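Enquirer: For reference, the sequence and a predicted model appear below.
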Amino acid sequence: ISSNLITNSSIQIPTTLIHNSDDSVIANQSTTNSTDNNGTTTSQTSTQVSIDPNLPHKGAAEEERHSSMAIFFVLSVIASCIFLIHFILKTKFQYIPESLAVVFLGAAIGLVMKMSTQNLGDWKKEETLSPTMFFLILLPPIIYESGYTLHKGNFFQNIGSILVFAIIGTSISAFVIGGGVYILGAIDLAYKLSFTESFAFGSLISAVDPVATLAIFHALNLDPILNMLVFGESILNDAVAIVLATTALELNHIDESVSGTTAIFNGFVRFFIVFFGSAVIGAAFALLAALVFKYVDLRKHPSLEFGMMLILIYAPYGLAEGLHLSGIMAILFNGVVMSHYAHFNLSPVTQITMQQTLRTLAFIAETCVFAYLGLAIFSFKMKIEMSLIIWSILLCLIGRAVNIYPLSYLVNYFREHKISKKMMFVMWFSGLRGAIAYALALHLDFEEEKRRVIVTTTLIIVLFTIIILGSSTMPVLKYMNRSKRTNKGRRRRGSKSKRLITLSKTQEMGQAIETEHLSELTEEELEVSYRNESNLKGFVRFDARYMMPLFTRI
């Protein structure tokens, strides 16, 4: 009997120690068992078996069946969303963004599953968005595709202003929202959160959805340089918000003996290390890719070329995460730099394959994310704190305004293309919150009640901005276009056909792929386009003179 008890304990102990112990404790436990057992060999053998089992557990086949049904469920939801988006495009229904339609469909599916008494294959368990799946599988293709399909000329012309809005602007918004929530909680006007919890919430809720921004600015047909300023800011904003929220979570585990000032200073240092360190890793892998495709001729074997591209796309994400930096920031800059240099070293077949593959993967990932948002409405028990929700919505609007208007006037001092008041309003209005904010909320490591409150509040704010601001986008666009025609009078009447306004990223990105990014330039034409440096300034001139000849085939 004694021997059996000892054996059972030795099997169970390592399972616990794997999660929350170190090697010395494991060694001590092994020593204790051997002393009690008067036989070191027996204890070590049982421990080894417990850590490294040779056979899968008995329920592996049943688990595989449940996983297969879960995959079927996810694929069915995606297929339903594709048919819905096709219907919207076919009927030219203009009044809600396709992302909002997908959210509604997800909510309908979630409601049906909640009312159903059947639970085929544990489908109800698949309703909840896993943060790990979101950050490792769904988010990377979305962020990379956004960076890869940017118009690089306009992006680099606006790089200074974009960084001002993305870094300083997002930080201002995070501090306004986080500070406001903390102060309101301290005076008992809202649900009480600590300073770290408030700042983490302010950071994650500052993540703006670039999908709505893209649709709005394509529909307005505005100056492409100003268009890129806002769209570039909205893309970088997501990465900055993720870094800010991650920094806040790290501050939550800091030693209590450290003063508040020191903790804040350490937070700033950590933010800049993560931001610029991740950007350097992403850019370095992109430049490495450019050199590889320049000097290693893989163009005769498109499958090898495409495979190497995929490896060099995801490698910086894994390295940055492994170094406790931001994989999202790394993969974003990897996409921006790789499409500016490595893209022109690829064969035409791989260029086309890359564009369509990235767009398809990003579309599927975005569809999953918005469908999960709808499913989330009925997937967990919410803890609604109306005071926190109302104040947070107001603070989001205020924080966005405090971010956009002062910084717009600031950068206008250094810009040839000024940001008009109309543009400022659209930049403020297009600040929809998206799935990144919700996924970050699920990632929080706070006590259960506060975590549930923050997740519920974030979900409601995301749905509020998508439904209210998203559905009111079309009336605002029509009003602004009408006022534009009134101001211009009859000068342009009949000179241009009326452009159909859509709120579909699928259609807008399809047009972008067809027109502006698939490079039909030969190496000679590309060289000619960069030889005329007389009209180039700043980094663009430096890029044309030194960087392009070094990293491309021109």
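Expert: Received the coordinates, thanks.
Enquirer: what about residue 109, distance to residue 100?
Expert: Look at residue 109 and residue 100: by Cβ to Cβ, to the nearest Å, they are 15 Å apart. For every residue, glycine as well, the C-beta is placed using N, CA and C.
Enquirer: try residue 238
Expert: 19 Å.
Enquirer: the more surrounded of these two?
Expert: residue 238 (27 against 23; other Cβ atoms under 10 Å).
Enquirer: which residues does that one contact?
Expert: 143, 207-208, 210, 328, 436 (Cβ atoms under 8 Å, 6 or more residues apart in numbering).
Enquirer: one more time with 10 Å, if that's ok
Expert: Neighbouring residues of residue 238 by Cβ atoms under 10 Å, 6 or more residues apart in numbering: 139, 142-143, 146, 166, 170, 206-210, 328-329, 332, 434, 436-437, 440.
Enquirer: What of residue 318?
Expert: 136, 140, 327, 330-331.
Enquirer: Assign a three-state SS to it, would you?
Expert: helix (DSSP: H, G, I helix; E, B strand; the rest coil).
Enquirer: now do residue 199
Expert: helix.
Enquirer: now residue 445
Expert: Secondary structure, three-state DSSP: residue 445 is coil.
Enquirer: Could you check how many residues crowd around the closest residue to it other than its chain neighbours?
Expert: The shortest distance from residue 445 to any non-neighbouring residue, by Cβ to Cβ, 6 or more residues apart in numbering, is to residue 249 (6.2 Å). Look at residue 249: counted by other Cβ under 10 Å, it has 20 neighbours.
Enquirer: Do I have it right that residue 249 meets residue 454?
Expert: No. Taking contacts as Cβ atoms under 10 Å, residue 249 lies outside contact range of residue 454: 12.0 Å.
Enquirer: Overlap in contacts, these two.
Expert: Common contacts of residue 249 and residue 454, defined by Cβ under 10 Å, 6+ apart, comprise 197, 200, 204, 440, 444, 446.
Enquirer: Quick check: which ranges of the protein have low pLDDT?
Expert: Scanning the chain for pLDDT under 70 picks out 1-60, 94-95, 117-129, 153, 210-223, 225-226, 252-260, 473-474, 477, 480-539.
Enquirer: circling back to that earlier point, biggest separation within the contacts of residue 318, which pair?
Expert: Greatest spatial distance among these (Cβ to Cβ): 136 and 330, at 13.4 Å.
Enquirer: residues contacting residue 148?
Expert: Taking Cβ under 10 Å, 6+ apart, we find residue 148 in contact with 141, 313, 331-332, 334-340, 343, 354-355, 358-359, 362, 517.
Enquirer: cutoff 6 Å now
Expert: 335, 339, 358 (Cβ atoms under 6 Å, 6 or more residues apart in numbering).
Enquirer: Going by distance to residue 302, which of those wins?
Expert: residue 358 (15.5 Å).
Enquirer: The closest one should be in a helix, yeah?
Expert: Yes. Applying three-state DSSP, one finds residue 358 inside a helix.
Enquirer: quick one: the nearest residue to it once chain neighbours are set aside and residue 75, what's the gap?
Expert: Counting by Cβ to Cβ, 6+ apart, residue 145 is the residue found nearest to residue 358 once chain neighbours are left out, at 4.3 Å. Computed as Cβ to Cβ, the residue 145 to residue 75 distance reads 21 Å.
Enquirer: go on, residue 251?
Expert: Applying Cβ to Cβ to residue 251 and residue 75 gives a distance of 40 Å.
Enquirer: ok, now residue 168?
Expert: For residue 168, the distance to residue 75 - Cβ to Cβ - is 42 Å.
Enquirer: Looking at those two now, which is surrounded by more residues?
Expert: Per other Cβ under 10 Å, whichever of residue 168 and residue 75 has more neighbours is residue 168, with 15 against 11.
Enquirer: part of a helix, is the more buried one?
Expert: Yes. The assignment for residue 168 by three-state DSSP puts it in a helix.
Enquirer: can you count the residues close to the nearest residue to it once chain neighbours are set aside?
Expert: Distances taken as Cβ to Cβ, 6+ apart place residue 407 nearest to residue 168, at 6.5 Å, with adjacent residues excluded. Residues near residue 407, counting by other Cβ under 10 Å, number 20.
Enquirer: that older thread, filter the contacts of residue 238 to the buried ones?
Expert: 139, 142-143, 146, 166, 170, 206-210, 328-329, 332, 434, 436-437, 440 (16 or more other Cβ atoms under 10 Å).
Enquirer: taking those one by one, which sit in helices?
Expert: Members of those lying in helices (criterion: DSSP state H): 139, 142-143, 146, 170, 210, 328-329, 332, 436-437, 440.
Enquirer: Buried residues of stretch 323-343, list them for me.
Expert: In terms of neighbour count (16+ other Cβ under 10 Å), stretch 323-343 has its buried residues at 325-343.
Enquirer: who's in contact with it?
Expert: 140, 143-144, 147-148, 152, 239, 242-243, 274, 277-279, 281-283, 285-286, 289-290, 293, 316-317, 320-321, 551-552.
Enquirer: same thing with stretch 102-122?
Expert: 66, 69-70, 81, 84, 124, 127, 367, 370-371, 373-375, 377-378.
Enquirer: Closest one of those residues to residue 396?
Expert: residue 373 (16.9 Å).
Enquirer: other SSEs contacting the strand or helix carrying residue 280?
Expert: Assessed by DSSP states H and E, residue 280 sits inside helix 260-295. If you count contacts as 3 or more Cβ pairs under 6 Å, 6 or more residues apart in numbering; DSSP states H and E, helix 260-295 packs onto helix 224-252, helix 302-322, helix 327-340.
Enquirer: Just name the most buried of these.
Expert: Burial of these is given as mean neighbour count (mean count of other Cβ atoms under 10 Å); helix 327-340 ranks first at a mean of 28.
Enquirer: So residue 70: helix, strand or coil?
Expert: With three-state DSSP as the basis, residue 70 sits in helix.
Enquirer: From residue 377, how far off is it?
Expert: Taking Cβ to Cβ, one finds residue 70 at 20 Å from residue 377.
Enquirer: and these two? which has more neighbours close in?
Expert: Higher neighbour count among residue 70 and residue 377: residue 377, with 19 against 16, using other Cβ under 10 Å.
Enquirer: So for that one, what's the nearest residue that isn't a sequence neighbour?
Expert: residue 107 (5.0 Å).
Enquirer: so is that neighbour in a helix, a strand, or just coil?
Expert: Three-state call for residue 107 (three-state DSSP): helix.
Enquirer: Tell me how many other residues crowd it.
Expert: 18.
Enquirer: what's the answer for residue 417, then?
Expert: Counted by other Cβ under 10 Å, the residues lying close to residue 417 total 15.
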